[in-house]
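1. I need the structure of the sequence given here:
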Amino acid sequence: MTTSYASARSVVLVGLNALVVDIEADAAPGGAELQLIGLPELSVWPTRARIRSAILNSGTEWPDARVTVSVSPAIPPPYDSSADLALAVVSLAVTHVIPPERISGRVFLGELALDGGIRPVRGVVAAVGAAVRAGITTVVVPAECAQEAAQVPGAVVIPVARLAEVIEYLKSGRLEDYHCRAPGASTHPPPPVLDLADVPGNGAARRALEVCAAGAHHLHLSGDGPATMLAERLPGILPPLDPEAAREVAEIYSLAGRSDHASGFRPPVCAPHHTSTPAAIFGSVARNHPGAVSLAHRGVLHLADAPEFGRQILDGLCRPMDTGEVRVTGLGRTVRYPARFMLVLDAQRCPCPQDRVCACTPVDRRRYLGRLALLLPRVAVRAPIERGDREAQAGKSSTAIAARVLAARARAAYRLAGTPWQVNAEVPALELRTRFPVEPEAVELLRSAVNTGLLTAEGLPRLLRVAWTLADLRGADRPEVDDAAGALELWKGADGDEGR
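-> Modelled structure (predicted):
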């Protein structure tokens, strides 16, 4: 046979960084052989075996040619099998089993099973988005991933279930007839929104939740009260995600294989257990899987009984809190996952179980809370919580609080329009001094707290951000001295000596 050539495209993910790869194939006379170039070394043999078995079990003979397939740029380890379908169709096109011109200019995604089935892959939302941005609008994806892929504007999604189906479609030229133009109804209804009116008493904690929701500030709840009930109700007063944030969240959950949260505008909530491993919290390079801090992106990360978490995890949270992303190193490279979350820490005053009389010494309590020594200075709002009194008057509902939060967010968004920041908690310290100054009396009050040792110089900008949130909540143009005083009280809320 004469030498021939075919090409197609696929997308691989390194973290959430989608890499559009060109897959080229050349066929020359010779024995039935398949050479793969550009895959990680340990992936070549199993990928070749999957492709061969899938083609044979799809009712197609193995091409009688020496086929060389090259992937450019080369796929870094680990290879997650998402380009299997593209490797198979280009191998068949170069030997004229299917017309080569019908695969050109399309993206193929999917892992091949030995029986010729096409298995779903993780990260379809990010992969299809990268294809559309690269100018390739037609994407062939596993049928189970079609609803996720159809979320991407401008994409023409073609769902397929088996390799034989793809071969037949490409032979007949009817592939364009199989479009999935819009996602269907979700089979995973969102959980019901919990109401703050269900939590009796704890007025200070309820106020702290409102301030944190309005400015996206971190929160520390201290005491033996219903911390989990309060934290679970924080998402109910948060504004819905804007389209860009919703897209980011959808990409993260798609990469995690969590199609139950791959769409929608409700802020995500992640509450890992204190026995979670660092890989579960921060993510894994080997599995290309985001961790809890990324699953909470644009939402809430709740650490219940925070001092029970390992020191490696607690200290490791500091960088994501400062930068809004997490970096995980392994396999000779570093992967970045977005991680801009609201942290809610809750901790008892000592390690004793609540159903026992406390026998802890002051040293025991200080050692227990000392595990949070690096985190607490980054938490600008603190509140005590007490065991609820059933006869206590119920507070306002989440609906009423959410309306105030939404109005405060709208004021902040108007003020921050044209900047890279969306909420008060994201504004850098330099901008707080130059572009968004507060009343001089308010600054002087906070500086006096620094001079007396109640507040550190690093903590001053955090309280200025809280002061801006308090001003937004009351509809003021600039924070005044009362807002600075309120921010200082929220800072001292849990314990005036903690986390200085």
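
2. Just the CA atoms of the least confident helix or strand in the chain by mean pLDDT, as CSV, please.
-> Sorted by mean pLDDT, DSSP states H and E, the helices and strands of the chain end with helix 362-369, the least confident at a mean of 85. Once non-C-alpha atoms are left out, helix 362-369 reads as follows in CSV (Å, rounded to 0.1, in the frame of the first residue of the first chain):
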residue,chain,number,x,y,z
PRO,A,362,-4.8,25.9,81.0
VAL,A,363,-1.7,24.4,79.4
ASP,A,364,-3.8,21.6,77.8
ARG,A,365,-6.2,24.2,76.3
ARG,A,366,-3.4,26.4,75.0
ARG,A,367,-1.7,23.4,73.4
TYR,A,368,-4.9,22.2,71.8
LEU,A,369,-5.8,25.6,70.3
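
3. Identify each buried residue in it, please.
-> By neighbour count, with 16 or more other C-beta atoms under 10 Å as the criterion, the buried positions of helix 362-369 are Arg365, Tyr368, Leu369. For every residue, glycine as well, the C-beta is placed using N, CA and C.

4. Could you point out the longest helix of the protein?
-> Of all the elements of type helix in the chain, the one with the most residues (DSSP state H) is helix 398-415.

5. for the helix or strand following it, packing partners?
-> Beyond helix 398-415 on the C-terminal side, the first helix or strand identified by DSSP states H and E is helix 429-434. With contacts defined as 3 or more C-beta pairs under 8 Å, 6 or more residues apart in numbering; DSSP states H and E, the secondary structure elements packing on helix 429-434 are helix 459-473.

6. Show me what the helix it packs on is packed up against.
-> Going by 3+ C-beta pairs under 8 Å, 6+ apart, helix 459-473 lies up against helix 203-215, helix 398-415, helix 429-434, helix 440-451, helix 481-491.

7. Flag the shaky bits of the stretch 301-450 of the chain, pLDDT-wise.
-> Across the stretch 301-450 of the chain, residues meeting the criterion (pLDDT under 70) sit at 354-356, 388-395.

8. Not counting sequence-adjacent ones, nearest residue to Arg465?
-> With C-beta to C-beta, 6 or more residues apart in numbering as the criterion, Arg465 has its nearest non-adjacent residue at 4.6 Å, and that residue is Asn424.

9. Any idea how many residues pack against the one you found?
-> Taking other C-beta atoms under 10 Å as the criterion, the count of residues near Asn424 is 29.

10. same check, this time on Asn288
-> The burial metric for Asn288, expressed as a neighbour count using other C-beta under 10 Å, is 25.

11. quick one, phi psi at it?
-> Main-chain dihedrals, Asn288, degrees, to the nearest 10: phi 50, psi 60.

12. ok, now which ones touch it?
-> Under the criterion of C-beta atoms under 8 Å, 6 or more residues apart in numbering, the contact list for Asn288 reads Leu13, Val14, Gly15, Pro78, Asp80, Arg122, Gly123, Leu255, Val335.

13. Quick check: the first one touching Tyr79?
-> No - proximity of Leu13 to Tyr79 does not meet the contact threshold set by C-beta atoms under 8 Å, at 10.6 Å.

14. Pull out the buried positions in stretch 156-165.
-> Neighbour-count burial for stretch 156-165, counted by 16+ other C-beta under 10 Å, picks out Val156, Val157, Ile158, Pro159, Val160, Arg162, Leu163, Ala164, Glu165.

15. possible to save those as TSV with distance to Gly236?
-> Rendered in TSV, the data for these read as follows (distance: C-beta to C-beta, whole Å):
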residue	distance to Gly236
Val156	37
Val157	33
Ile158	39
Pro159	35
Val160	40
Arg162	44
Leu163	46
Ala164	48
Glu165	44
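
16. pLDDT weak spots in the protein?
-> Under the criterion of pLDDT under 70, the regions of the chain flagged as low confidence span 1-3, 174-191, 260-264, 354-356, 388-395, 494-500.

17. which of the buried residues of helix 362-369 lies closest to Cys212?
-> Leu369 (20.3 Å; C-beta to C-beta).

18. Please report how far the closest one lies from Lys492.
-> Per C-beta to C-beta, to the nearest Å, Leu369 is found 15 Å from Lys492.

19. what's the answer for Phe436, then?
-> Phe436 sits 24 Å away from Lys492, taking C-beta to C-beta as the criterion.

20. before we move on, what about Asp84?
-> Counting by C-beta to C-beta, the gap from Asp84 to Lys492 is 58 Å.

21. Between these two, which is the more surrounded one?
-> Ranked by neighbour count (other C-beta under 10 Å), Asp84 and Lys492 place Asp84 first, with 25 against 15.

22. List phi and psi for that one.
-> Backbone geometry at Asp84, expressed as degrees, to the nearest 10, gives phi -60, psi -50.
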